[in-house]
Each structure stands twice: as C-alpha cells, then as structure tokens.
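Chemist: Return a 3D structure for these sequence lines:
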Amino acid sequence: MPLPSTNLIQAPYLSLRFSFKNIIISTLVFLFTLQILYIFRQSVGVFFNDNIYQLLSLIVIVLVGIWGGRLAERVGQDPMLGMLFSGLLLRNLFPSFIYPIPHSWTSILWTTALCSVISRAGLSLMLPKVIPNVWESLFLGTVPVLAEAIMLALMTSVVFHLPLPWAFTLSFGVSTISPGVVVPLLLRLIDNGWGKSRLPPMLLTGLGLDVLVGTAGFGISLASCFGHKHEQDHPELWFHNSWVGRCLEEIGMGLFLGTTFGFVSFVLLKSKRISGRVLSMVMFVVSTVTMIWCKTHGFTGSASFSTFITWSIIANTWPQNYIEKSDIRLKKLWLFFKPFLFPVIGATVSLGDTPISLLLKSFSIVLVSVTVKMSATYITATAAGLSDAEAMFVCGLWSGKASIQATLCESALEMVHKYKLEGTEEEEYAKIVFLCMVSAIVIGAPSASNWVLIYGKNPLGEETANPIMKAEGTSEQVDI
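Modeler: Numbering: from 1, shown residues only. Alright, predicted model coming up:
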C-alpha cells in the first residue's frame with residue numbers, strides 16, 4: 001500500500017479563504033501601509049524616534065510574511081519558504097521603506113522560537129519508546145549529522161578560508177535536522193496509521209539526538225570563536241582557551257542547569273500546588289530565560305543543551321496527558337512565532353550588498369552538504385538493520401532543514417554586534433554562516449516535504465514486512 005499522503009495543512013493564522021479577491025485586498029493594504037511608513041519617515045520623522053519606525057517595519061514584515069506563507073501554501077510549498085522569500089523581496093524591492101530591526105528584539109524573539117522547537121524535541125525522548133530501538137536511534141541521530149558537519153567544515157574552510165572554529169560553527173548549524181519540519185510530519189503519520197510501526201518512535205528519538213549534537217556542536221564552536229564572558233577576565237588560563245575546556249564547560253553547564261530545572265519541575269508536579277497548564281508554561285519561561293542568560297554569557301551550547309535535558313526529564317516524569325498537552329502548547333507557540341522568524345530573516349538579506357559569487361558558493365556548498373547527509377543516512381539506516389525501503393524514506397526525511405537554521409542563523413552576527421566587531425573579519429565570517437544557513441532553509445524544507453509527497457505516492461518495496469506498508473493511504477494533510 002502507498003504511504004499516507006502528506007500535503008500541507010494550513011496553520012491557524014493561514015486559515016482564511018485564499019481567493020483572487022483576498023490577494024488584491026492584501027496587496028493594496030500592504031502597499032498602503034508601506035506608503036504611510038514612507039511618509040512618516042520623510043515628513044514627520046522629527047516627531048517619532050527610531051523605535052516607532054522599527055516597530056512599524058516589523059509589523060509590515062510580519063503581515064507580508066503571513067501573506068507570503070499563504071501564497072506558498074497555495075502552490076503546494078512550505079509556508080516557511082513563502083515567509084522567507086516575502087521578507088527577502090520586501091527588503092530588496094522597497095529598501096527605503098523598511099527600518100532595520102534591532103538585534104535586541106530579534107534575539108529575544110528567535111531565542112523563544114528556538115526554545116519551543118528544542119523543548120518539543122526533548123519531549124520526544126520517552127524511555128519506553130527509546131529503549132526498544134535504542135541502537136538504531138543512536139546511529140541515526142549521531143552518524144549522519146557528524147558526517148555532514150565534518151565534511152561541510154572541511155569544504156567551507158577551503159572554499160571560504162574560514163578558521164576551524166567558524167567552519168564548525170557553520171557546519172553544525174547547517175547539518176542539524178529541523179524539528180519544525182520533521183516532528184509534525186511524524187506525529188501526523190502516527191495518527192494516520194503508523195502507530196504500530198517502529199519508525200516514528202525511532203526517528204523521533206534519532207531526531208532529538210541529532211538536534212542535541214548539532215546545537216551543542218554549534219554552541220561549542222561559536223564559543224570557540226568568541227569565548228565565554230569569564231575568559232576575558234582570565235585570559236591567562238589555558239583551559240578556557242582550549243576546545244576541550246570549552247566543550248566540558250558547555251556540556252557541564254547545560255547538564256547542570258537542565259537537570260536542576262527538570263528536577264524542580266518534577267517536585268512542583270508532585271506538590272500539586274500548580275496546575276499542569278501553568279507548570280508547563282512556567283517551565284517554558286524558565287527554559288527561555290535560561291537560554292537568553294546562557295547566550296548572553298557566551299554559553300551558546302549550554303543554552304540548547306540545558307533546555308533539551310530539562311524537557312527530556314519532563315517527558316519521563318510527567319503523566320502522559322500532561323506531556324501531550326504541553327506538546328500542543330509548544331506547537332502553538334512555534335506557529336505563533338513563525339511569522340516573526342522567517343520573514344525577518346529574509347528581510348535581513350540585502351542582495352545588493354552581497355556578491356553573487358558568495359551567494360552561489362553558499363547555495364552550492366549546502367546542496368552538496370544535503371546530498372552527503374542523505375547518503376550518510378541511507379548507509380547508516382541499512383547498517384542499522386532497516387530495509388531498503390525504510391532507509392530510502394528516512395534519508396529523504398533527514399534532509400529537512402528550517403526551524404533550527406532559522407533560529408541559529410543570526411547567532412554569530414549577534415555576537416559580532418555584542419562585542420562591537422563590525423567591519424572586522426569576524427563580521428564577514430558571520431555573514432557567510434548566515435547565508436549558508438538561509439541556503440539550507442531554501443534547500444532543506446522543500447527537499448524533505450516534496451520527498452515525502454513523492455514517496456507517499458509509491459508503494460514500499462514488496463520485500464518489506466514493516467507495518468508502514470500496511471498503512472492506508474489518506475488525503476489528510478500534514479503540517480510541515
């Protein structure tokens with residue numbers, strides 16, 4: 001039997017009926033808003049400070065991003081791509097209308113979005129589902145991401161002449177799988193008849209490990225580029241200047257914070273003084289504040305690692321109904337922050353200021369990187385005992401990149417602004433990291449979704465006896 005159909009489903013803020021009339025109205029409102037913004041800047045700027053214009057710019061970018069997401073959905077593509085390209089077009093077609101969004105704003109928005117994604121990945125690591133396929137999940141969650149990261153680091157160090165810390169910052173950021181693409185797809189497939197298959201829990205666990213390795217590797221590498229805050233006070237301590245020292249500090253800090261907050265959540269749950277809804281939101285706020293604090297002090301690896309550990313503990317100590325409701329809340333938070341993420345990322349790319357050769361190099365290298373990831377995934381899956389049909393399905397799914405790259409791509413530039421390194425080599429390196437991650441979104445998001453769409457129209461090989469072969473086809477759509 002064919003795999004379940006996996007078309008796109010509308011997000012809550014994209015649910016309005018799509019029609020020619022709505023397109024015309026949206027376009028007129030968009031142009032009118034831009035004109036008002038332009039008049040404000042040219043005529044009455046003396047009455048408003050920059051924050052007013054920046055807020056208006058953000059509102060325009062978000063509204064146009066939502067419209068772009070609807071348009072992309074209409075033509076069968078991921079709404080995230082429509083949001084990204086709408087911001088890109090807005091910045092480059094109307095450059096005088098849009099004020100740059102402050103990094104202090106985007107940092108909070110994107111850290112909150114990243115926290116929701118990593119929290120959901122942590123919730124997928126429930127021991128009863130992990131243990132039966134622990135080795136397969138371990139291999140799929142570590143080997144492909146490390147293979148892609150190492151290969152990409154070597155390529156970028158040669159092509160862009162990046163120092164190794166910067167090369168690995170770029171490679172780990174690009175090589176990570178996107179929970180925003182893969183998790184909703186797998187969860188919906190479980191609802192559509194894959195409940196008895198070993199693949200969804202195996203892949204959810206592997207996804208969590210992939211995100212852990214990728215984000216921790218990114219943070220450790222980025223810390224190697226800039227250092228931790230306490231290293232500036234004690235530069236003579238060789239331990240802080242070594243990769244081993246930074247790695248141990250990042251992992252140790254993340255493990256300590258994550259375990260502490262996970263234990264606190266368990267104690268609060270047992271006390272029954274706080275409802276499950278309030279407790280889940282409190283833990284999310286605590287995780288977000290922890291990530292912001294870690295990033296502020298240079299512990300970018302600990303930021304993601306601590307959140308992952310906290311929510312992994314929650315996944316194994318809270319009742320199942322609490323976990324499911326928490327996952328729904330986290331998903332709603334992610335859907336809310338998407339229009340504040342992808343359009344703003346697109347609006348930061350100025351094609352006029354970026355050499356075409358750099359864009360082509362970035363796109364080409366990421367394309368090769370995704371191919372390597374898929375090849376490494378197929379080899380790893382078959383070595384782990386999956387059938388050829390299962391391995392083919394997983395290698396396409398494992399090419400999905402979007403949410404992690406979107407939330408990490410500005411991290412290096414944020415550090416550049418924090419340490420006032422504008423105009424230095426570090427800023428050029430950070431821009432290369434940014435462009436490669438944006439290229440990963442453009443390539444990875446449609447790659448995974450279209451791979452599954454195509455694969456769902458063809459039956460798995462007759463030689464496999466896996467329960468996914470028995471899943472009934474359906475036209476129900478999946479939120480990628």
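
Chemist: burial of the closest residue to Leu164 other than its chain neighbours, as a residue count?
Modeler: Of all residues not flanking Leu164 in the chain, Ser157 sits nearest, at 6.4 Å (C-beta to C-beta, 6 or more residues apart in numbering). Backbone N, C-alpha and C define where each C-beta goes, glycine included. Look at Ser157: counted by other C-beta atoms under 10 Å, it has 17 neighbours.

Chemist: With the one 5 residues further on instead?
Modeler: Counted with other C-beta under 10 Å, residues neighbouring Leu162 total 23.

Chemist: what do you get for Ser364?
Modeler: Other residues near Ser364 come to 13 when the count uses other C-beta under 10 Å.

Chemist: How about Glu425?
Modeler: By the criterion of other C-beta under 10 Å, Glu425 has 12 neighbours.

Chemist: One more: the one 4 residues further on?
Modeler: Taking other C-beta under 10 Å as the neighbour definition, Tyr429 ends up with a count of 25.

Chemist: What are the buried residues along whichever strand or helix holds Phe261?
Modeler: In this assignment (DSSP states H and E), Phe261 forms part of helix 243-271. Of the residues in helix 243-271, 245-247, 249-251, 253-254, 257-258, 261-262, 265, 269 count as buried by neighbour count, 16 or more other C-beta atoms under 10 Å.

Chemist: does the nearest residue to Val282 once chain neighbours are set aside count as helix, strand or coil?
Modeler: Spatial nearest neighbour of Val282, excluding adjacent residues (C-beta to C-beta, 6+ apart): Ile274 at 7.0 Å. What DSSP: H, G, I helix; E, B strand; the rest coil gives for Ile274 is coil.

Chemist: pull the helix or strand with minimum mean pLDDT from this protein.
Modeler: helix 229-233 (a mean of 52; mean pLDDT, DSSP states H and E).

Chemist: right, and Tyr378 touches Phe393 too?
Modeler: No - using C-beta atoms under 8 Å, Tyr378 is not in contact with Phe393; the gap is 10.0 Å.

Chemist: got the buried residues for the longest helix seen in the chain?
Modeler: If you go by DSSP state H, the chain has its longest helix at helix 425-455. Buried residues in helix 425-455, defined by neighbour count with 16+ other C-beta under 10 Å: 426, 429-453, 455.

Chemist: Ok, stretch 66-85 next?
Modeler: In stretch 66-85, residues buried by neighbour count (16+ other C-beta under 10 Å) are 66-73, 77-85.

Chemist: same question, stretch 199-216
Modeler: Buried residues in stretch 199-216 (16+ other C-beta under 10 Å): 199-216.

Chemist: from the chain's centre, how far out does the helix or strand that contains Leu359 sit?
Modeler: Assigned by DSSP H and E, Leu359 belongs to helix 356-383. Its chain's C-alpha centre and that of helix 356-383 lie 17 Å apart, by C-alpha atoms, centre = their mean, to the nearest Å.

Chemist: I'd like the next helix or strand past it.
Modeler: According to DSSP H and E, the helix or strand after helix 356-383 is helix 388-397.

Chemist: Quick one: work out the angle between that following helix and helix 425-455.
Modeler: For helix 388-397 against helix 425-455, the angle by axes from the mean of the first three to the mean of the last three C-alpha atoms, to 10 degrees is 140 degrees.

Chemist: Quick check: mean pLDDT of the very next helix or strand once past helix 388-397?
Modeler: Where DSSP H and E defines the elements, the next helix or strand beyond helix 388-397 is helix 403-408. Helix 403-408 carries an average pLDDT of 78.

Chemist: buried ones in stretch 404-419?
Modeler: 404-417.

Chemist: Can you pull out the low-pLDDT segments for the stretch 51-200 of the chain?
Modeler: Scanning the stretch 51-200 of the chain for pLDDT under 70 picks out the ranges 97, 180, 183-185, 187-196.

Chemist: number of nearby residues for Ser350?
Modeler: The burial count for Ser350: 11, using other C-beta under 10 Å.

Chemist: quick one, strands of the stretch 51-200 of the chain?
Modeler: Ranges of strands within the stretch 51-200 of the chain: none, based on DSSP state E, counting those that start in this stretch.

Chemist: Tell me which stretches of it form helices.
Modeler: 79-93, 103-123, 127-130, 134-159, 164-175, 179-189, 199-226 (DSSP state H, counting those that start in this stretch).

Chemist: among those, which is nearest Pro355?
Modeler: Nearest to Pro355, of all the helices of the stretch 51-200 of the chain, is helix 134-159, at 13.5 Å by C-beta to C-beta.

Chemist: That closest one - contacts with which helices or strands?
Modeler: Counting contacts by 3 or more C-beta pairs under 8 Å, 6 or more residues apart in numbering; DSSP states H and E, helix 134-159 packs against helix 164-175, helix 199-226, helix 356-383.

Chemist: Tell me the confidence at the closest residue to Thr259 other than its chain neighbours?
Modeler: Excluding the flanking residues, the one nearest Thr259 by C-beta to C-beta, 6+ apart is Ile309, at 6.1 Å. If you check Ile309, the pLDDT there is 90.

Chemist: Would you agree Ile309 is in contact with Phe256?
Modeler: No - applying C-beta under 8 Å as the test, Ile309 and Phe256 come out as separate, 9.2 Å apart.

Chemist: okay, now the nearest residue to Ala391 once chain neighbours are set aside: neighbour count?
Modeler: Closest residue to Ala391 apart from its sequence neighbours, by C-beta to C-beta, 6+ apart: Ala381 at 3.7 Å. Ala381: 27 surrounding residues under other C-beta under 10 Å.

Chemist: Then Leu58?
Modeler: Neighbourhood size, Leu58 [other C-beta under 10 Å]: 21.

Chemist: how near is the residue nearest to it when sequence neighbours are not counted to Leu71?
Modeler: Leaving aside its sequence neighbours, Leu58 sits nearest to Ile101 (C-beta to C-beta, 6+ apart; 5.6 Å). Distance of Ile101 to Leu71, computed by C-beta to C-beta, to the nearest Å: 22 Å.

Chemist: how far away is Phe305 from Ile61?
Modeler: For Phe305, the distance to Ile61 - C-beta to C-beta - is 31 Å.

Chemist: I meant to write Ile328 there.
Modeler: In terms of C-beta to C-beta, Ile328 sits 28 Å off from Ile61.

Chemist: Out of these two, name the residue with the larger neighbour count.
Modeler: Neighbours were counted for Ile328 and for Ile61 using other C-beta under 10 Å; Ile61 has more, 27 against 11.

Chemist: Quick check: the more buried one touching Ala347?
Modeler: Yes - with contact defined as C-beta under 8 Å, Ile61 and Ala347 form a contacting pair (5.1 Å).

Chemist: Next, show the common contact partners of those two.
Modeler: Both Ile61 and Ala347 are in contact with Gly87, Leu90, Ile98, Ile101, where contact means C-beta atoms under 8 Å, 6 or more residues apart in numbering.
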